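# sequence below, structure please.
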Amino acid sequence: MLYRVEGIVIRSMDYGEGNKIITLCTESHGKIGVLVRGAKKVKSRHAALTQLFTFGEFAFFRQNSGLGTLNSGEIIESHFSLREDLYLAAYASYACELLDKTLQDEEVGSFWFTQLKACLEGLTAGKDPQVVIHLFEMKILQAAGYGPSFESCISCGRVDDSGAVSPRLGGRLCRACRHHDPAALQLSPGSLKLLTLFEKMDLRRLGNIEVKDATKGELKAVMRAFIDMQLGLKLKSRQFLDQLDKYEI
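Numbering: from 1, shown residues only. This next block holds a predicted model:
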């Protein structure tokens, strides 16, 4: 059967001497694997379609629910600039791997696709990559069913000025309930306000937000803790991103 879908390449791997297998995140069919014959050959007309972060239209044949075979395709947005910049490539790779490891094969949902598309567009447009990625992490947690709650205490519902956040319990704790998790992270009012905003915001609505370095540090620590605690993923791209951060001036 011939399928025609819009998708984003979130993984690309060599297969045999001249072929590649790409993994697409699509709006209508979830995550799909597609074999691209001859993609590694110099004169291949499909080579560009196999590049990471490429957003395009893909037509492929597939029997049942197995691996598809590409018939034709057209690039809508190559996101070439993301592959040219080492730091942006690292952030974009992390976003794609995080989605790939979280989204199950054939799991349908336009939310995954639209948020990844907005994430890559935000990085391409020059928005602060850390802010973009932390908001994307929030959307991934929500889509996976582990969305944190920051507006009020997750234990009693009370609202106070406590900045305690528990990745293990799933959100904010008031002073009276702080004892439920002695390991809860203490955040500044600015970080807590931003996380509360992220909880409600669609990535497609993100503007250019200026965030202090200290706040970014807190955001990174708390979102890292939520990802580790709730999803338990080991991502190669995150390790590389951490190495780059050490050398960033």
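# going by C-alpha atoms from here, please, whenever you check contacts or count neighbours.
Fine.
# okay, buried residues for the longest helix seen in the chain please.
What stands out as the longest helix in the chain, according to DSSP state H, is helix 86-102. Within helix 86-102, the residues scored as buried using 16 or more other Cα atoms under 10 Å are 87-100.
# before we move on, what about stretch 171-183?
For stretch 171-183, the buried set under the neighbour-count rule, 16+ other Cα under 10 Å, comprises G171, R172, L173, C174, C177, R178.
# near the nearest residue to the last one once chain neighbours are set aside, how many other residues are there?
So that's R178. Using Cα to Cα, 6 or more residues apart in numbering and skipping the chain neighbours, the partner closest in space to R178 is A164 (7.0 Å). Per other Cα atoms under 10 Å, the neighbour tally for A164 reads 23.
# still on that earlier bit, can you tell me which of the buried residues of stretch 171-183 end up in helices?
Counting by DSSP H, no part of the buried residues of stretch 171-183 is found in helices.
# quick one: contacts for E137?
A95, M223, I227 (Cα atoms under 8 Å, 6 or more residues apart in numbering).
# now the residue most central in space within the chain: how far from A125?
The structure's the chain has its C-alpha centroid closest to A95; by Cα atoms, centre = their mean the separation is 3.2 Å. For A95, the distance to A125 (Cα to Cα, to the nearest Å) stands at 16 Å.
# wait, V159 sits on S152?
Yes. At 4.9 Å, V159 counts as touching S152 under the criterion of Cα atoms under 8 Å.
# now do the shared contacts for those two.
Taking Cα under 8 Å, 6+ apart as the contact rule, V159 and S152 both touch C174.
# rewinding a little: next one: phi and psi at the residue nearest to R178?
Backbone torsions for A164, taken as degrees, to the nearest 10, come to phi -80, psi 130.
# before we move on, what about V9?
Per-residue torsions, V9: phi -70, psi 110 (degrees, to the nearest 10).
# ok, now which ones touch it?
I22, T23, L24, C25, T50, Q51, L52, F53, T54, F55.
# thinking again about what came up before, what is the nearest of the contacts of E137 to Y3?
A95 (25.9 Å; Cα to Cα).
# for the closest residue to G163 other than its chain neighbours, give its distance to A59.
Ranked by Cα to Cα, 6+ apart and with sequence neighbours excluded, the top spatial neighbour of G163 is L187, at 4.8 Å. The gap separating L187 from A59 is 48 Å, by Cα to Cα.
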